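> build me a model:
(2 chains)
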Amino acid sequence: MSAPCGTAMLTAAAQARVAAVGALPAAPGLDVAVVVAHLDAAAFIRGAAGFALAVPEGLRDGWYRTFTRTVFLAGQPAALAGRHPYQHVTPDGQLAWYGPAPRRALTSLSRLLRAFSGPAPMEAPAGELAVTVPGPPTGHHVEVALAVGGVSTGAYLVHVHHLVAEASLRGLIRPGDTLLVEHRPALATADFRDALDPTRAGSAQTRIAPARTGAGDLRLFGVLTSNRHGGDH
Amino acid sequence: MTPPVPPPGASAPPTELVVAPVTITPTKPLTPTHVKGLIWTDLIAKATAQVTGVRLVWNNRMATITVQSTAFWRYLDVTEPEKDWSGETEQGIGERYVRFHSERRELDRRALQGYLRRADEDGWIHPAGRRMLQLWRGQLDLLGIGDPGLADDRPLAMSAASLTDALAAHGLLIDHRRYGGPVHLDGSRRGLPLRQLISGDGLPNYLLPILRELIPMVRPARTFLLIHDDGLTADYVLLAHVLTTFGADVARLAISRVPVDGAALSSRYGGWRGVTLTDLSSSPGTAGRAAYRLGMRMYFAGTLHRDSAQSFRMPLLRRCVGRAARLLVQAPTGSEGPPGARLTAELSRLQAQQGYVDPYRLMSSLHGAGALPLTPVLRAICT
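All right, here's what the predicted structure looks like:
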């Protein structure tokens, strides 16, 4: 039997994610808002993991049910602190997280701010990033590969946040882990056969979304692999 | 009106009211809403100057370095490249402005950047804009508003780059240009919504040149009075917050639009045929120039109060001009009126809490029991 082609692999992996979320017990969907003043990739990835790992047990399924739906807003966390206290903030105060909460609870924040707009190509840091997740060091390493070729800054935020947040909710990332992050122009499906195999999805998180080429093509935007087994996809 | 900004270092009175009216792009005739704003501004500047120092802010570039002006001028250059604008009427230019807004067309951003750069660096004004300023000047002269600076040209007090640096240093800016995004003014600390200042394409909105002119004027013992259409209140609350953050003492005066036949529309939608300032001044009648000037003030400042929602009423304006003519005949001449000190005291009583002499109260005080006599000084203010 011949190996499945790239598109079939991506479709199968994406369907596995949808099926896993659909299998969750019914819960009201919850959203998250991230306020962005300045973007630093390492701070963003660390913050996304730190925030997701700190989401209270009772709110996790509600956010996971919306596929960790997150809105990105332009704003300055420090200016908002009096009226809109954040749940999580980066040490430099340039990124802050709000929620998970019902959409209406985030409406006043959304109305005060404006949607983050970042159509310029993502300026990814050169070389591998070692991002330590808040918490006592575990010595555990998680590998993260991210595609940035032709990816706008705004799209990068979306892709990376889903990848890291879902992996954190599933337990593939734990407090004190180190994420080894590599930015590449593109991720070839052939290089990630294991991660994309639905039978091995327990130790991997993928981010698959429509490619900008249109025509229903899918593209692999991110792969996270951990030798620690997470919850069901 | 008061002379333009004196050179730096010139001695200033201990307190000074900086009157900054909303900008008007020289792309259309002056409508009743504009006339109301200009008359209120003129009365405030002239009457308040009797009780304290006043400085009027007017710089054509505050209105010309905008997309509103330059996109229209680009349209004229594309549609009528050979046109000689020096003899065009304000109706002719204004009708093109309405047509331009009714035709939705893609902005040529590169071309607009070029127009904005010329307006900013060289003080360039499209010939149709220069023609409109010339026509406005004639009308304002007839109305006794003099020239607030329509014929002057000087650069804005601060460059766009220095302004954004200063705003960022005061925590008032979110600059996402490095991500290809816009620049926002951020008043969220005071609960004010973010307001785009420069689009992701690099095009500024009308608040940018206003801030470039006003922020360098902030200094102790000055109060800013921002005069604006009430439809722009959200923007002006934010402007006031920005100036306050830079240390300024700021007051705002929101003035309602004057609806025409019940519609209080922006002039870009037209609907001003027959009621432009030129139409009003050329309306047949026997009144002399002074009666026209006083009557216009009695109507736009003494009948229409600042929040008035009343539609423009030509018969009422005519009645005001008639009443003005009678007042002028009865007015004392020479030195029969109260001495200057007494007028100053009378005008002080008409000051609003924010320190400016209230035009509505001033115009109301010209008639009825205990009316202020129309002495030469008062006459100079009102005509």
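
> what part of the chain, helix or strand, is modelled with the least confidence?
Using chain A here. Sorting the helices and strands of chain A by mean pLDDT, DSSP states H and E puts helix A:6-22 at the bottom, at a mean of 84.

> ah, no, chain B please
helix B:340-349 (a mean of 84).

> list the buried residues in that helix.
For helix B:340-349, the neighbour count (16 or more other Cβ atoms under 10 Å in any protein chain shown) marks B:L343, B:E346, B:L347 as buried. (Each C-beta comes from the backbone N, C-alpha and C, glycine too.)

> now do the strands in chain B.
Secondary structure of chain B (DSSP state E): strands located at B:16-21, B:53-56, B:173-175, B:183-185, B:195-198, B:222-229, B:249-255.

> could I get the least confident helix or strand of chain B in CSV with only the CA atoms?
Only the C-alpha atoms of helix B:340-349 are listed here, as CSV (Å, rounded to 0.1, in the frame of the first residue of the first chain):
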residue,chain,number,x,y,z
GLY,B,340,-13.7,100.3,28.4
ALA,B,341,-13.4,99.1,32.0
ARG,B,342,-17.2,98.8,32.3
LEU,B,343,-17.5,96.8,29.1
THR,B,344,-14.8,94.5,30.3
ALA,B,345,-16.8,94.0,33.4
GLU,B,346,-19.9,93.4,31.4
LEU,B,347,-18.2,90.8,29.2
SER,B,348,-16.6,89.1,32.2
ARG,B,349,-20.2,88.4,33.4
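
> tell me which element the residue nearest to A:A115 when sequence neighbours are not counted falls in.
Counting by Cβ to Cβ, 6 or more residues apart in numbering or on different chains, A:A115 lies nearest to A:L73, which is 6.4 Å off, once chain neighbours are set aside. Element membership of A:L73, judged by DSSP states H and E, is strand A:70-74.

> which strands and helices sit next to that strand?
Strand A:70-74 makes packing contacts with strand A:31-36, helix A:107-112, strand A:114-115, helix A:153-169 when contacts are defined by 3 or more Cβ pairs under 8 Å, 6 or more residues apart in numbering or on different chains; DSSP states H and E.

> dump those into JSON lines; add mean pLDDT, mean neighbour count and distance to B:P359 as well.
Below are those laid out as JSON lines (pLDDT from 0 to 100; neighbours: other Cβ atoms under 10 Å in any protein chain shown; distance: least, Cβ to Cβ, whole Å):
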{"stretch": "strand A:31-36", "mean pLDDT": "98", "mean neighbour count": "25", "distance to B:P359": "44"}
{"stretch": "helix A:107-112", "mean pLDDT": "96", "mean neighbour count": "15", "distance to B:P359": "36"}
{"stretch": "strand A:114-115", "mean pLDDT": "98", "mean neighbour count": "16", "distance to B:P359": "37"}
{"stretch": "helix A:153-169", "mean pLDDT": "97", "mean neighbour count": "24", "distance to B:P359": "49"}
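
> what is the nearest of the buried residues of helix B:340-349 to B:W272?
Set against B:W272, the nearest of the buried residues of helix B:340-349 by Cβ to Cβ is B:L347 (33.4 Å).

> is the closest one in contact with B:A49, as I believe?
No. Counting by Cβ atoms under 8 Å, B:L347 stays clear of B:A49, with 9.6 Å between them.

> tell me the phi and psi of the closest residue to chain A within chain B?
Proximity of chain B to chain A (Cβ to the nearest Cβ) peaks at B:G180, 2.9 Å away. Main-chain dihedrals, B:G180, degrees, to the nearest 10: phi 80, psi 10.

> show me the contacts for it.
A:S117, A:G118, A:P119, A:A120, A:S152, A:T153, B:G200 (Cβ atoms under 8 Å, 6 or more residues apart in numbering or on different chains).

> buried subset of the residues you listed?
Buried by 16+ other Cβ under 10 Å: A:S117, A:G118, A:A120, A:S152, A:T153, B:G200, out of those.

> so the fourth one touches A:E123, yeah?
Meaning A:S152. No. At 10.8 Å, A:S152 and A:E123 do not qualify as touching, with contact defined as Cβ under 8 Å.
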